[in-house]
Structures are given as structure tokens and as C-alpha cells.
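*Asks:* Give me a model of this one.
(chains A and B)
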Amino acid sequence: MRKQNTAMPVLHISKRTSLPLYKAWAIRAVAILLALVVCAVVTTALTGLNPLGVFKAMFDGAFGTQRKIWILGQNVAILLCVSLAVTPAFKMRFWNIGGEGQILVGGLATAACMILLGDKVPNWLLIVMMILSSCLAGAIWGGIPAICKAKWNTNETLFTLMMNYVATQLVAFFVIVWEVPKGAGKIGIINQDTHAGWLPQIGSYKYLLNILIVAVLTVIMYFYLTRSKQGYEIAVVGESEKTARYVGIKVEKVIVRTMMISGGICGLAGLLLVGGTDHTITTTISGGRGFTAVMVAWLAKFNPLVMVLTSLLLVFLSRGASEITTIYALNHSFGDILTGIILFFIIGSEFFIGYRLSFLKNEQKEGKGNV
Amino acid sequence: MFDFVSFFPRAVVQSIPLLYGATGETLTEKSGNLNLGIPGIMYVGGICGVIGAFFYEQSGNMDGFLAVLIPMVCCLLGSLLMGLLYCFLTVTLRANQNVTGLAMTTFGVGFGNFFGGSLIKLTGSEVPSIALSATSSYFSRSLPFADRLGVFGKLFLSYGFLAYLAILIALAASYILKRTRLGLQLRAVGESPATADAAGINITRYKYVATCVGSMIAGLGGLYYVMDYACGVWSNDAFGDRGWLAIALVIFTTWRPNVGILASILFGGLYILYLFIPTGTNLSVKELYKMLPYLVTIVVLIISSMRNKRENQPPESLGVPYFREER
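*Replies:* Down below sits the predicted model:
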């Protein structure tokens, strides 16, 4: 091939062996800056608004008041929780894009406990049952594709994706079964009067408990992945299944166990949403977090501590975008466009972290041509 | 009594967007790119067609040929750009395909809804949708003698031209993949890019062309949905999860576009079956029937992996970026 080419390539691409951490982050920062410039251009082109004003409005929307900061924290916590959930699976190269479904069934199990047992058991027992059932529901939902993957190597990306829709319809079914009042098509706030099954509130801070739970979970997940035997097994299976088998790791067991953990934590996110904040269940309660979490986890290179930052970034974008859409009366989807642009830049920047580009000079070309 | 004569045409019109999406995604996957951005691309294709048609309708006099051509060209251009973006990120910059695809879906759905919403605002209408009935009438025009052929005409001839185009494209894609050198080389790229590279096939070019053509075909699915199925009415989020269903269909058909024609009609049928099953006043059961297409996909997925036949497997290097120096 090389010899047939009359014009030699001017660029030579080679894999970097390693790049100091600060340089990698500098590249990402440049990418985000460039993305913001492009976003500004797009904003002005589409809406004719001053981009600086738009960015300021976004910032105010996310951090403007104390209430907004709490909402931001709550959203970060839930997104982070889902991202933590999908991470062990991804480290194993198991593409769990079924986070949505796992959150939904977790939420559904929580709602079922609250509705059916709300006035029958003491509150502490109810909450324990909610926690157990939501984790179990999520674990089962994640476990089914994992068992098929382990046994027959079924494509997990599509299996988990389909499980999302099965879960959505399951929730839709139960929403109609439990709807209050009949024919309303929604459940409304569960146990509004008794607050049975509502997760306790710490002081006057509505969202603090969720944030604390997820913070603890982040630390646990970090140590689980980097310091535990199981975390090591996950890494080995992800890098090379053959190696894993050779050193005596039971790959099937690791796949199923990891996915059940992954699904279980998604179920926990469902619990936090239904029991902790919304106190109701709808088919859209997860709000695309199962998909966004994939990006959060990947952008953070599967490091739970970095995920705090990346989920903050994505939540900031969506909260800020929803603010500008109300201020400037834009369509709320404008935020998705901005998020998309920024993601494209970050995704693209990974290339410059992983690979080195060198421009070939004329005299070098001759030499390379003979190789 | 199950009314097949009214059921079948509705299943077919449901199936056409899925068929476009699935054919496009099959071509893309055969080159080794797992494009999860298809749902977004179908939105972009749909809205670009709507934008083109909208401004053409605004300009006043309508010419039948241009009324079809302009939305189609806009749709193809929009989805081509999305395809190029995906290729640039995953082929040239070797980014993770799952993440890129998901980001493209976020972007594409947002893009569709934003411009849809903006156009709605331009028209200043009260309802949250745009109606392009004039353009739609050209798209959904069926053969003039279809009405006179009774049941046969209703079952097979009552669709707009994009429906037949979908079937033609699927057959052509199937022929190219299976019977031509081009298809052989494309499959080689998807199965083992290193081998194909050694045989002198330009990997980058094949991946780009296959993915971009695939995106354009998928985009047409969005156009068909708005112009024909929805009678020219764009309302935000109406397209729903059809894009994901199209990706499922690719697996369902084990990467065969010709099988996709029947499979998509089956899917379309399952998608609307709940409307035809008498459930009385019990609305909740309908929700369970809506699970059917997904459950069937799961069952097929499991069975095809259990049988583990070599010809039914995904392309070997699906989802893996190719870097020559990594061999």
C-alpha cells in the first residue's frame, strides 16, 4: 500500500504509551473550552442571543439560589448513583445500557411496598423491605441478561436495551392498576397523609440523605473496584476473558455477580427517586439517566471519584439549559443540543490523549518511505 | 373477530420506518460500526425534511416534483452530516462507539425537538405540532388504481412511494451484501479489518461510506414517519423509540436486510397489536401487550445465541475501532 501512494501522508499517528495526568486533563479542558465556543456560536446563530448572557443564565440556573444548588446536588447524586451502578459492568466490557429499566423496576418495587404495605407494617420495617426489594428487583433485571451472556454469549447491549422497554410497560401497567383516582392515568403522591415509606429527612434538608447515601456509595465503589479481589477479577475479565479463564477466574460467575451488583445499585437509584424525592412513580421517572450514566462513567474513565465531576458537568448542563429555556422562552431541547456538542468535543479529545500526532517533515518523509 | 384487512396495512405503515432504520443499521454494522445514534439520526432526517418542506410550502406555489424532492434532499443531507460526524469520531478519532452513538442520540433527538418547537413557534399555532398536509399529500399518494382492486389493492398497493422505496432499498442492500464484490469486501471490513487491510481494502473509506449511506437510509425512515405515516404532522417526541426498535430488528433479522422486510412487518404488527385485541374496559392489559415486540426480540436474541450458528453471529469486529499499528 505504502509504495503505491505517490503522496506520502503528512501526519503520522502513533499510540502514546502514557501521558502525565495533568496533560490529559489539560487536553480535556481545551476540548471543553472549544466546545463552549462552538456552543456560543450555535446559540447566537440559532437564537440571536448574546452567548455570554446565555452562559451566565446557565450558571445562575444551576447555582443561582440555595434551592437550586440543592436540586443540583440531588440530580448529581442520582446520576452519580446510576453511573456507579453501570461502572463495574463496563469495566468488565459488559455494555449495560439497561440502566433505565433497572431503575424503573427498582422504583416499581419501592412503590409496590409503599402502596401495598404502607399501613400494614411499622415504618422502619417498611423502609427495610423497600431497600431490599428495590435492590433485588434491579439485580434480577440486570441478572437475566447476564445469565444469558454467561451461558450463551447473548448480545448484552441489545438485551439490556430491550429490558428497558419491558420495564417501562410493566410500570405503565401498574400505574393503571394503582392509579388514584381511577382513570387519572397516574398514581399521584403515595401515602401523602401518613408519609409511610418516605425516606427520613435529615433536618430541614430534603435532599441531604440521598446525597449522603450516594457519597458513601462512591467511596465504597472506589475501593471495591480498586482494592478488592472481586474488583480485580472484574478488571481481568474486562481486559481478557482468556487470561481470566487461564488464571482460574470463573468468568460466568463474575459476569452474573457483577451485573447483579450493577442492577442492584440501579434499583437503589430507583428507591432514592421513588422513596426519597418524588414519592410517586411514572414511566419517565428515570429521565434518560440510564443512558447519560454511560457517558458519565466513560468520560471519567470508570474512576468513581472522577465521576463526581463528570456527573456534575452533565447535570450542570441540563439544569443550566432548562434555565435558559425558561428565561429566553426557547424550546427545552436546546439543552440537549448543547450537551451533545460538548460531549462530541470531549469524546473527540480522547483521541489526542490516547494517540500522538506528528507532522512529518520533508526529509523525514524520504526516510519513512523506505520503511 | 380479528380484522386482518384493516390490521395488515396499519402494520405495514408502522413497519416502514423500522425497515429503513434496520437496513441502514445493518449496512453500518456490516462495516464494524455499531451505530447507537440511529434513533437520533432518524429524528434529524425527519426534522430536516420538515424544515425543507416547511419553507417550500411557505414560498407559495407548490410543484409536485419539487415538493417531494426538496424534503428528501434536506433529509438525506441532514442524516449524511450526522453519519459523517459519527464516522469522524469513531473511525478517524477512534472514539468509543457506544458512547458516541448515545451522545448522537441525545443530540439528534434534541435537534429534532428544538427545530420542531421553533417551527411551531414560527407558525404561531395553538397546537404543539406543525401540519404540512400539502407536502404530505404528495408523499402519501398511492397508485391511482389501488382503490379499484379491492382487498388486494388495500393490502399491497395503498402505500406512498417511500414504502416501496424502503423495500427496494432493503432488497438492494441484501443483494449488494451477499452477491457483489463490494459487499464481500464490506463484510470483510466488518469481520476482520486487519485481514481486509492486508488484502488492500481501504478500511477507512469502506467504514465511512457504509456508515454514511446507512445513516441516510435511516434518515429516510424519519422522513417517511413524518410525511406519510403522520400525514405531515410533526409533533415533538412523537417518533418515540422506533429508532431503538430498528436496532433490535437488525439482531432479530441476523443482519439480513431481505429478512428485514417481513420481520419489520411482524414488528409493526406487534407494535399495534394491542389496538386490535379486545380487552374490554381493562386498559392496563393493553400496556402489557405493548411489551410484545420487545419480548419477542429478547426471545429471538436468546435463541439465536443458543443455537450459535456461525452465519447468525454479529460481525466479528463490531464495535471495535481499527488501528493499523495495533495488530
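
*Asks:* so B:Ile130, which of the three states?
*Replies:* strand (DSSP: H, G, I helix; E, B strand; the rest coil).

*Asks:* Name the nearest residue to it, sequence neighbours excluded.
*Replies:* Leaving aside its sequence neighbours, B:Ile130 sits nearest to B:Trp234 (CB to CB, 6 or more residues apart in numbering or on different chains; 4.9 Å). Just so you know, the C-beta spots here come from the backbone N, C-alpha and C atoms, and that holds for glycine as well.

*Asks:* Check for me that the one you found belongs to a strand.
*Replies:* Yes: when three-state DSSP is applied, B:Trp234 is found to be in a strand.

*Asks:* what about it, how many neighbours?
*Replies:* 29 (other CB atoms under 10 Å in any protein chain shown).

*Asks:* who's in contact with it?
*Replies:* Contacts for B:Trp234 (CB atoms under 8 Å, 6 or more residues apart in numbering or on different chains) come out as B:Gly46, B:Ile47, B:Val50, B:Gly116, B:Leu119, B:Ser129, B:Ile130, B:Leu132, B:Val226.

*Asks:* try 10 Å this time
*Replies:* B:46-47, B:49-51, B:53-54, B:112-113, B:115-117, B:119-120, B:128-132, B:225-227 (CB atoms under 10 Å, 6 or more residues apart in numbering or on different chains).

*Asks:* Got a ChimeraX select line for the buried ones in those residues?
*Replies:* Filtering the contacts of B:Trp234 down to the buried ones (16 or more other CB atoms under 10 Å in any protein chain shown) takes a single ChimeraX command:
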select /B:46,47,49,50,51,53,54,112,113,115,116,117,119,120,129,130,131,132,225,226,227
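
*Asks:* need the residues of the stretch 1-150 of chain A near chain B, please.
*Replies:* A:1, A:4, A:12-15, A:46-47, A:90, A:93, A:95, A:97, A:101, A:144-145, A:148-149 (CB under 10 Å from any CB of the partner chain).

*Asks:* Figure out the helix or strand that residue 102 lives in.
*Replies:* Reading this off chain A. Applying DSSP states H and E as the criterion places A:Gln102 in helix A:99-117.

*Asks:* oops, I was thinking of chain B
*Replies:* Going by DSSP H and E, B:Leu102 is part of helix B:97-123.

*Asks:* roughly how far apart are A:Leu314 and A:Phe291?
*Replies:* 11 Å (CB to CB, to the nearest Å).

*Asks:* ditto for B:Asn96
*Replies:* On the measure of CB to CB, B:Asn96 and A:Phe291 end up 14 Å apart.

*Asks:* same deal with B:Phe8?
*Replies:* In this view, B:Phe8 and A:Phe291 are 34 Å apart by CB to CB.

*Asks:* which of the two has more neighbours?
*Replies:* Neighbour count, other CB under 10 Å: between B:Phe8 and A:Phe291, A:Phe291 has more, with 23 against 17.

*Asks:* which residues touch A:Thr160?
*Replies:* Going by CB under 10 Å, 6+ apart, A:Thr160 touches A:86, A:89, A:94-102, A:141-142, A:144-146, A:149, A:259, A:262-263, A:290.

*Asks:* List the contacts of stretch B:299-314.
*Replies:* Residues contacting stretch B:299-314 (CB under 10 Å, 6+ apart): A:144-145, A:148-149, A:151-159, A:162, B:29-30, B:32, B:34, B:190-191, B:248-256, B:263.

*Asks:* Pull out the buried residues from it.
*Replies:* For stretch B:299-314, burial by neighbour count (16+ other CB under 10 Å) applies to B:Val300, B:Leu301, B:Ile302, B:Ser304, B:Ser305, B:Gln313, B:Pro314.

*Asks:* Understood, closing this out.
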